[in-house]
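1. Quick one, fold the following:
(2 chains)
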Amino acid sequence: MGGYGDVKLLRDDGLRLDGRKLDEMRPVTIEAGILPAADGSAMVTHGLNVAVAAVYGPMEAHPRKIQRQDRAVIDVRYNMAPFSTSDRIRPGFNRRSREISKVTAEALESVVLVERYPRSKIRVEIEILAAEAGTRCAGITAASVALADAGIPMRDLLVGVASGKVEDIVVLDLDKAEDNYGQADLPVGILPNTGEIAFLQMDGDLSPDEYNLAMEYNFKAAAEIHEIMVDALKRRYEGGEN
Amino acid sequence: MVELVPTLLRQELARLAEDDLRLDGRGRWDGRDVDLQIDCLYNAEGSAKVVMGKTIVYAGVKFEIRTPWPDRPSQGSLMCGAELRPVAHRKYEPGPPSPQSIELGRVVDRGIRESGCIDMESLCIVPGEKVWGVMIDIHVLSDGGNVFDACGLAAIAALRTAVVPAERFDVGEDYTLKVNGTPIMASFTRVGGRYVFDPSEEEELGGDERIHITLGDEGHLHSLQKGLRGVFTPAEFAEIFEVAHQRCSELRKLVATQEGN
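-> As a prediction, the model looks like this:
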């Protein structure tokens, strides 16, 4: 976290700089099946974040050493477009994107019924076209809608959400300023139907009570986003195409 | 991933070509409908999205301040790169930029650069010290054939919407980048023995060599590229050159319409 200095993140009326309440999420829109070349795909806009996910497979896992005899492996690539941030990002993998890709893959492997596809690979590509704090969560949400769009069986949809702390107060869904100057960030991947958590990261400083409140906010937001995800998938198949 | 070119597809394309037909019913010189959106990405200083059939491409423009090359102290620079991301097709694998991505980026780069639409002197801030580096990054999200034309169109359309972020770098007020012209690329692939404009994914898979032509506002050539295995005659080139003129001016009009002119 950028640490907490002179930057004011809460207004005198108790609302946040962009006018949101403490437990209010940025607007989310989701569209499934947007990439014709992919087996499944989705675009998620979360505030000003734009995340696109494509799914290819299940396909033969290669190189062979990555194969698992009893299940599929999920190969995730999280990538930020060079023009997605205010300073251009050099194309290519970096340490941050490698780590996010790894933990996202492990989270998705906990949700997808991977034992149905031994020795195969499911490729999940997450592209961030515009970034405004919270891209890994938008990416997780997009990836799970894309997996469902590809017809891959899952125990539940995985929803990416985050809460954090600014000026000693827990808030839901940090925006860019809150992420840069806030005190904590708690991004999670939630299975809304089972109430389980498949993705967890955190940095900053949270007391046990603050953690509990942040997680409560996250579950509330996950339920809201879950509805939007389901709606996107319904719209995709109500049209009569495919 | 090795692409298997189905013999049946080649045979079918050859059979259709005998009657001058195409798989998707288009005429030989017909392009797919083009959907162009400009200024569509937050955080990019200029941006565009192009959808042509199953092909989807985004381009974004970013600026940075750099020191000029010693032999050109008052000139900024322009760089255009393309990435055929693994998101775009199952045939694209992760890893360092492939020769295809590099060719794609460089062909688009040459068309824009050589058209002279950006005056490099206008990118100078302090001679010998500070100049603007303009970077166009092209992101191919879905490869449904003819990514070259989609990338070329997205790149120039994005560049034409670019606003120089001078305030953020503390060097004056933001201003619209001056772009003098709209270079446009037209691409042809040999399918069933003859060239067609704007090849689809299937036509590329079952086709042979391709030719990319970038034309400026005056109809002058600014970039040419022949790719893949195959040969062509001057007469064949004359024919597609003629078509390129028409298609490029149509696409140039589309850019102008989107810009509200």
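2. Quick one: low-confidence residue ranges for chain B.
-> For chain B, the stretches flagged by pLDDT under 70 are B:1-4.
3. hey, which helix is longest across the chain?
-> This is for chain A. Longest helix in chain A, counting residues (DSSP state H): helix A:208-238.
4. Not quite, go with chain B.
-> Under DSSP H, chain B gives helix B:234-258 as its longest helix.
5. What's the local residue count around residue 217?
-> Since you didn't name a chain, this refers to chain A. As a burial measure, A:Y217 scores 23 neighbours (other Cβ atoms under 10 Å in any protein chain shown). C-beta: built from backbone N, CA, C; applies to glycine.
6. sorry, should have said chain B
-> 15.
7. Backbone dihedrals for B:L41, both of them.
-> Torsion angles at B:L41 (phi, psi; degrees, to the nearest 10) stand at phi -130, psi 120.
8. Would you agree it is in contact with B:Y58?
-> Yes - with contact defined as Cβ atoms under 8 Å, B:L41 counts as touching B:Y58 (6.8 Å).
9. Spit out the residues that contact the two alike.
-> Applying Cβ atoms under 8 Å, 6 or more residues apart in numbering or on different chains, one finds that B:L41 and B:Y58 are jointly contacted by A:L129, B:S47, B:K49.
10. ok and the residue in the stretch 101-250 of chain B nearest chain A?
-> Taking Cβ to the nearest Cβ, chain A has its nearest neighbour within the stretch 101-250 of chain B at B:D137, 3.9 Å off.
11. With adjacent residues omitted, what lies nearest to that residue?
-> Spatial nearest neighbour of B:D137, excluding adjacent residues (Cβ to Cβ, 6 or more residues apart in numbering or on different chains): A:P82 at 3.9 Å.
12. sec struct for that neighbour, please.
-> Here A:P82 is recorded as coil under DSSP: H, G, I helix; E, B strand; the rest coil.
13. Verify the contact between it and A:P91 for me.
-> Yes - when contacts are counted by Cβ under 8 Å, A:P82 is listed as touching A:P91 (5.5 Å).
14. where do the contact lists of these two overlap?
-> Jointly contacting A:P82 and A:P91 under the rule Cβ under 8 Å, 6+ apart are B:G81, B:D137.
15. Tell me the spacing between the nearest residue to B:G27 once chain neighbours are set aside and chain A.
-> Setting aside the residues directly before and after it, B:G27 is nearest to B:D20 in space (Cβ to Cβ, 6+ apart), at 8.0 Å. Shown here: B:D20 relative to chain A, a distance of 27 Å by Cβ to the nearest Cβ, to the nearest Å.
16. Can you give me every residue that contacts whatever residue of chain A ends up closest to chain B?
-> Nearest to chain B, among the residues of chain A, is A:F83, at 2.5 Å (Cβ to the nearest Cβ). If you count contacts by Cβ under 8 Å, 6+ apart, A:F83 has them with A:L129, B:L41, B:N43, B:A44, B:S47, B:A59, B:G60, B:V61, B:K62, B:D137, B:H139.
17. likewise A:R77?
-> So A:R77 contacts A:F93, A:S97, A:S101, A:R123, A:V124, A:E125, A:I126, B:P86, B:V87, B:P94 (Cβ under 8 Å, 6+ apart).
18. Could you rerun that using 7 Å?
-> A:R77 is in contact with A:S101, A:E125, A:I126, B:P86, B:P94, counting by Cβ atoms under 7 Å, 6 or more residues apart in numbering or on different chains.
19. Number of residues surrounding the fourth one?
-> When neighbours are defined as other Cβ under 10 Å, B:P86 has 21 of them.
20. again, but for the first one
-> Residue crowding around A:S101 was assessed by other Cβ under 10 Å; the count is 22.
21. Now tell me what touches the helix or strand hosting it from outside.
-> Using DSSP states H and E, A:S101 sits in helix A:95-109. With contact meaning Cβ under 7 Å, 6+ apart, helix A:95-109 is reached by A:74-80, A:124, A:136, A:139-140, A:143, A:158, A:189, A:198-199, A:201.
22. Which among the residues you listed count as buried?
-> Taking 16 or more other Cβ atoms under 10 Å in any protein chain shown as the criterion, what is buried in the contacts of helix A:95-109 is A:74-80, A:124, A:136, A:139-140, A:143, A:158, A:189, A:198-199.
23. ok, the residue most central in space within chain A - contacts?
-> When Cα atoms, centre = their mean is applied to chain A, the residue found nearest the centroid is A:C137 (2.2 Å). By Cβ under 7 Å, 6+ apart, A:C137 lies in contact with A:G160, A:V161, A:A162, A:P187.
24. Direction included, what does the helix or strand harbouring the second one pair against?
-> It stands for A:V161. Following DSSP H and E, one finds A:V161 within strand A:159-166. With DSSP bridges as the test, strand A:159-166 is paired with strand A:169-172 (antiparallel), strand A:184-191 (antiparallel).
25. of the ones you listed, which approaches A:L9 most closely?
-> strand A:169-172 (8.4 Å; Cβ to Cβ).
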